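Undergrad: Based on what follows, work out the 3D shape:
(2 chains)
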Amino acid sequence: SQQGEEDPQALSIQEGENATMNCSYKTSINNLQWYRQNSGRGLVHLILIRSNEREKHSGRLRVTLDTSKKSSSLLITASRAADTASYFCATVVSSNTGKLIFGQGTTLQVKP
Amino acid sequence: SAVISQKPSRDICQRGTSLTIQCQVDSQVTMMFWYRQQPGQSLTLIATANQGSEATYESGFVIDKFPISRPNLTFSTLTVSNMSPEDSSIYLCSGQGSYGYTFGSGTRLTVV
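TA: Alright, predicted model coming up:
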């Protein structure tokens, strides 16, 4: 099952520009996480934001969470060609089960 | 965080056969999960691998098709049984510990 949708599905920008990806989810959550996946292989954890947090920063990443709208956004500033990858949001609905449910993902291409 | 070794990394199999995928974690994890990622799609949770007992399957996935074992806290296997071309996907395992979640590098399965 998928938790929600991400938009855009695909994004193409020039190096140095900012990239914004949005994620919506359906149920109440414990936390929301963002992952990066290169070339359809293993995932890399980028950042976690808890349900009682509204914004979080990590290097060039900025994540916001709006629980009233059940949505989150990931901003990558000053993008680099190496940021080219697929980005997924994932939610933990219950800390008891620990299940991580993924959104549809955004494919980002950063042109040099 | 923990490191997960997943093998095989890829395989090409004949329809009607079965493939067993293994994941070994270098430290104890609380939960282990198995995901399927169909071409160009996001990750879909197959099941939670429970240590010493039957796995908990998500809707649309059944034990006869995807038997899972987890004999201890650091090892799990997923078998894809009686394969058809529709089973061609990337299969990933994940472990959850106190540090968060980590993922294996995936098994790219092609069924011919």
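
Undergrad: use CA for all of it now, contacts and neighbours both
TA: Will do.

Undergrad: Going along the chain, name the strands of chain A.
TA: Remark: strands assigned in chain A by DSSP state E are A:4-7, A:10-14, A:19-25, A:31-37, A:43-50, A:55-58, A:61-66, A:71-76, A:85-92, A:100-102, A:106-111.

Undergrad: Next: chain B.
TA: Across chain B, reading from the start of the chain, the strands by DSSP E fall at B:4-7, B:10-13, B:19-25, B:31-37, B:43-49, B:56-57, B:68-72, B:75-80, B:89-97, B:100-103, B:107-111.

Undergrad: quick check: mean pLDDT across stretch A:9-21?
TA: Per-residue pLDDT over stretch A:9-21 has a mean of 96.

Undergrad: now do stretch A:85-94
TA: Stretch A:85-94 shows a mean pLDDT of 91.

Undergrad: same deal with stretch B:74-88?
TA: The model assigns stretch B:74-88 a mean pLDDT of 97.

Undergrad: Now for the residue in chain B that chain A sits nearest to, how many residues are close by?
TA: The nearest approach of chain B to chain A comes at B:S105, 4.0 Å away (CA to the nearest CA). Applying other CA atoms under 10 Å in any protein chain shown, we find 24 residues neighbouring B:S105.

Undergrad: quick one: contacts for B:Q28?
TA: B:73-74, B:97 (CA atoms under 8 Å, 6 or more residues apart in numbering or on different chains).

Undergrad: typo on my end, it should be A:R60
TA: For A:R60, the contacting residues are A:75-78, by CA under 8 Å, 6+ apart.

Undergrad: Same question for B:S9.
TA: Taking CA under 8 Å, 6+ apart as the test, what B:S9 contacts is B:105-108.

Undergrad: Let me have these in a markdown table, extended by distance to B:S81.
TA: A markdown table is the format used below for the contacts of B:S9 (distance: CA to CA, whole Å):
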| residue | distance to B:S81 |
| --- | --- |
| B:S105 | 21 |
| B:G106 | 18 |
| B:T107 | 15 |
| B:R108 | 15 |
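
Undergrad: Scan those residues and report the most crowded one.
TA: Neighbour count (other CA under 10 Å) singles out B:G106 as the most crowded of the contacts of B:S9, with 28 neighbours.

Undergrad: That one contacts B:L92, correct?
TA: Yes: between B:G106 and B:L92 there is a contact at 4.5 Å, judged by CA atoms under 8 Å.

Undergrad: which residues do these two both contact?
TA: Here B:G106 and B:L92 have A:G42 as joint contacts, going by CA under 8 Å, 6+ apart.

Undergrad: still on that earlier bit, between the strands of chain A, which has the poorest mean confidence score?
TA: That would be strand A:4-7, which, of all these, carries the lowest mean pLDDT at a mean of 74.

Undergrad: Residue numbers of chain A in contact with chain B?
TA: Counting by CA under 8 Å from any CA of the partner chain, the positions of chain A adjacent to chain B are A:1-2, A:40-45, A:88, A:98-105.

Undergrad: Can you turn the buried subset of these into a selection I can paste into PyMOL?
TA: Selecting the buried subset of the residues of chain A next to chain B in PyMOL, with 16 or more other CA atoms under 10 Å in any protein chain shown as the burial test, is done by:
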select buried, chain A and resi 2+40+41+42+43+44+45+88+98+99+100+101+102+103+104+105
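
Undergrad: what's the nearest residue to B:F75 if we skip its chain neighbours?
TA: Distance criterion CA to CA, 6 or more residues apart in numbering or on different chains; nearest residue to B:F75, sequence neighbours excluded, is B:Q24 at 4.7 Å.
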